[in-house]
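Undergrad: After the sequence you'll find the predicted model.
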Amino acid sequence: MSVTSEADLVRQDAATLSSALSAGDITSVEVTQACLNRISAVDGTIHAFLHVDADAALATAQDVDRRRAAGEELGRLAGVPLALKDVLTMRGVPTTCGSRILEGWRPPYDSTIVERLRAADVVILGKTNMDEFAMGSSTEHSGYGPTRNPWDVERIPGGSGGGSAAALAAFEAPLAIGTDTGGSIRQPASVTGTVGVKPTYGAVSRYGLVALASSLDQAGPCARSVMDAALLHEVIAGYDPRDSTSINAPVPDVVAGAGNGDIRGMRIGLVRELSGEGYQPGVRESFDKAVAMLTDLGAEVVEVSCPHFDYALGAYYLILPSEASSNLARFDGMRYGLRAGDNGEASVEEVMSRTREVGFGAEVKRRIMLGTYALSSGYYDAYYGQAQKVRTLISRDFAAAFETVDVLVSPTTPTTAFKIGEKVDDPLAMYLNDIATIPVNLAGNCAMSVPIGLAREDDLPVGLQIMAPAQTDDRLYRVGAALEQALLDKRGHALIEEVPAL
Amino acid sequence: MSASAIERMKFEDALAAFEPVLGLETHVELGTASKMFCSCSAEFGGDPNTHVCPVCLGLPGSMPVVNASAIESTIRMGLSLNCSIASWCRFARKNYFYPDMPKDYQVSQYDEPLCVEGYLDVVVATDDGPREFRVEIERVHMEEDTGKLTHAGGDTGRIHGADYSLVDYNRAGIPLIEIVTKPIVGAGELAPLVARAYVTELRDLMRALGVSDVRMDQGSLRCDVNVSLAPPGEPWGTRSETKNVNSLRSVERAVRFEIERQAAVLSSGGRVVQETRHFHEDTGETTSGRSKEHAEDYRYFPEPDLVPVAPTADWVEELRGTLPEVPSVRRARLQAQWNISDLDMQTLVNAEALDLVESTIDHGVDQAAARKWWTGEFTRIANEQGIPLTDLPVTAAHIARVEELIADGSLTDKLARQVFEGVIAGEGDVDAVVQARGLVVVGDDSTLLAAIEQALADQPDVAEKIQGGKVQAAGAIVGAVMKATKGQADAAKVRTLLLEHLGVDG
Ligand SMILES: [Zn+2]
């Protein structure tokens, strides 16, 4: 690689950087410094980061360079910078989950993901912005102000992982970690023209991931290319005895999947329930073109029905708030984070109550109240109980569909990025963003969002969602790589190259 | 609080008018090396907040992992209580806010306990001899313990009114099992004794299983006592729930007190309030705690951070093979083996000396001597020091050695006591104490005879009485000889020598 300027360096993908680093063409310190400089230059506008630890990042980079120079065998992503969603603990580094209630908290331990990233010598630049406790689809619900979409800074970058996606699209980092409870990796990927993967539930350890809804949460890779996502996926996935829901089985070979874009003979299903009404025409059009590409590439495309997907959103908005109302109980001002109202007179209940009143934002309170209600005695069966039944039916729909097809596809989101402020006061409209992504979280299988073009009416990125059975994550990469290559062939460059200059 | 504040009816009168129904909920801290959901030490004590980690502190992002040995202990407990073991069950979250709970929910089992439907037979002593009761067990389930709060300032020792409170999370996450009985009916006036016998039997069972050290004084065994009364033939009354009763005697007293109190309330036309009550060791009374008229809603739901517990049938059968002899069966066996009376057996059980006596006998000591030492001298010393018998630094080996020295005439009973005094005072083992204190029987006849002659010379009138046939007067001379030899002579031998010396028949 011949890279002469920092501007070039930050636009490279991780795989390219990896080759250049191991060839000795560049150093990790150079790449890291380039990213840090880029962050300084653009993050005032984008606000992808809540915390940047330049010293620690450069120290890691130096260490990697020294060890590489000493001839040490290093992992493929060694020395490559990464942005970490602020919902994962990292020893001594502020972890806020986008909430004021955790302001100033520095966890005394590393999440398993961070341990794995450190073991792979990945350079962690800092922590990215998100909707408070991952509740939202726009990053507007962050307690620290919204993140802006590099394609149009008046628009949202998606959520909850808008910070991670925007960091990629703004060329602040080549890799990022996201978490996906109902679409928080895939929807931001879709609206920022990047790649995001929600791995199979249990594939990536949740130890150190501050829980929103334990039975739905899954961390995964965010990148600007399918191969980069696979390389990161390989680093973070794997069995962890500290997470009892972790899968104790080999990780599917996702890197091989990403390297094999051959989908000839593959059976691909279009989900009837994830089309039609509510989808922006430009999104629909891009999606149809992508499906035509899949056919051209030799796949057999058929329509399948998953009738219970219509109930997914309703079930999700019972299960998620129920689990969240319990998971978020610990933020009571007693042990860490914010404490409010402790005037020497107030009772412990008053301090807990006041802390939660001022520490949580409106969306968090809304969902805690919904969940508290749904779990209440006398309502449990009608709400939580019924929602679990829907969940089972959705899993069965997937199972039935995967009897006849290898993967399913749909648009990732019904629309392209909307304007900041447009839906913030309309929770239902906001919730509808995740209508296509939620079924996968409920069933626990895996999915990817991959960019397929720009919508005709607004020139904003459109994403296509690929869904595969649990523990066949490699299929996502195979189909994703095929589409990515076809799109590259068609446009002559990667879609991400079209992000306007900031 | 004054003792007169609470009206009570005489126990006999209460039982004449009402039938009691009991329910017992017993919490046992398992003696696993690590906590329920993390690898922190589960050892009792330690400086505050030193046995903690992100998991048991409930730090954001941390996750529980079930301790397999806690499951194993619970299954063994369930099997020895004749329970069925669930082939699949889940933990649940019990949600409520309290600062001793790091997560503001407790991971517990709710509607899917690991062990269900068992029983435990207990025996109580009555005027008509021993009577057996079958206490039915509803469930045995697992949960995590909470931290421990200390309230400073204020006068109640409770959180309200305190100036500040300290919390120690060393105890948070210690595995607990809760054993819940079905309602115990028909015990009548024996109800307090049945309650005590049940907790005693449960404790012995857990000790035999080796699943807990079951120290009520340290809170590793805690009992909640539910009592209700109703006139004969009427539906059951409203129950009170007396929390954390912390000794066997207190269990009995708490039941008795609640019967007397509720009888007074009911017979004066009042209504028993559904509430938790606190037991006071000093007065033997219970006082009103939190009202439970409006049941708290704990919003239970299956713990999503844990996979279900699914013990295989093979594993359960394997564990069944590890069960020890049931304490009641063992007691019957030992009683027959030692050929001792019901009363002697009861004395051993009451003194908590059964294991100690058995092990002493295993060291070759005669059963009568073993029982005598443990229920006599050692029980007295332990009571004086206010410690359990097992905490005395005397071992079966010590007793065996002392008995050996008594048998060969080197020690008398009295000297033996002094030897144990030294052992307990930490002066070393038996031989070291004998050596250091010079505790050896003065056995040499010429020394004893010299002492006898001296005593006779000092008390010529006594010598005359003995020679005149008043053999009982010999005691005075024997006493004098014992005094002269500093107690290190064998009194019986002195007496024989004395009588021989005076030519009198004993
Ligand atoms: Zn711990």
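TA: Now that the structure is in, tell me what you want to look at.

Undergrad: mind listing what's buried in the helix or strand encompassing B:Val316?
TA: B:Val316 belongs to helix B:313-320 when assigned by DSSP states H and E. Across helix B:313-320, burial judged by 16 or more other Cβ atoms under 10 Å in any protein chain shown covers B:Val316, B:Leu319. Using the backbone N, CA and C atoms, a C-beta is placed for each residue, glycine as well.

Undergrad: which outside residues touch that helix?
TA: Contacts with helix B:313-320, where a contact means Cβ atoms under 8 Å, 6 or more residues apart in numbering or on different chains, come from B:Glu72, B:Ile75, B:Arg76, B:Leu79, B:Ile85, B:Ser87.

Undergrad: List just the nearest of these to chain A.
TA: Set against chain A, the nearest of the contacts of helix B:313-320 by Cβ to the nearest Cβ is B:Glu72 (16.7 Å).

Undergrad: number of nearby residues for the closest one?
TA: 18 (other Cβ atoms under 10 Å in any protein chain shown).

Undergrad: Am I right that it is in a helix?
TA: Yes: remark: B:Glu72 belongs to a helix, assigned using DSSP: H, G, I helix; E, B strand; the rest coil.

Undergrad: burial count for A:Glu300?
TA: Neighbour tally, A:Glu300, other Cβ under 10 Å: 15.

Undergrad: Please report how far A:Met227 lies from B:Gly186.
TA: Separation of A:Met227 from B:Gly186 (Cβ to Cβ, to the nearest Å): 75 Å.

Undergrad: shaky segments in the chain?
TA: Here I'm looking at chain A. A:1-4 (pLDDT under 70).

Undergrad: wait, chain B
TA: Along chain B, segments meeting pLDDT under 70 span B:1-4, B:154-160, B:292-294, B:443, B:506.

Undergrad: what does chain B have sitting close to chain A?
TA: Proximity of chain B to chain A, by Cβ under 8 Å from any Cβ of the partner chain, involves residues B:54, B:57-66, B:93, B:95, B:97, B:99, B:102-105, B:159-160, B:165, B:167, B:297, B:299-301, B:304-307.

Undergrad: Just the buried subset of the residues you listed, please.
TA: Among the residues of chain B next to chain A, those classed as buried by neighbour count (16+ other Cβ under 10 Å) are B:54, B:57-66, B:93, B:95, B:97, B:99, B:102-105, B:159, B:165, B:167, B:299-301, B:304-307.

Undergrad: Mind jotting down where the strands sit in the stretch 401-502 of chain A?
TA: Ranges of strands in the stretch 401-502 of chain A, per DSSP state E, counting those that start in this stretch, are A:407-411, A:446-454, A:461-468.

Undergrad: The last one pairs with which strands, and in what direction?
TA: Sheet partners assigned to strand A:461-468 using DSSP bridges are listed as strand A:407-411 (antiparallel), strand A:446-454 (antiparallel).

Undergrad: Where does the stretch 101-250 of chain B get nearest to the ion, which residue?
TA: Closest residue of the stretch 101-250 of chain B to the ion, Cβ to the ion: B:Gly173 (5.7 Å).

Undergrad: Could you save the strands paired with strand A:461-468 as TSV and add columns showing mean neighbour count?
TA: Putting the strands paired with strand A:461-468 into TSV (neighbours: other Cβ atoms under 10 Å in any protein chain shown) gives the following:
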stretch	mean neighbour count
strand A:407-411	26
strand A:446-454	29
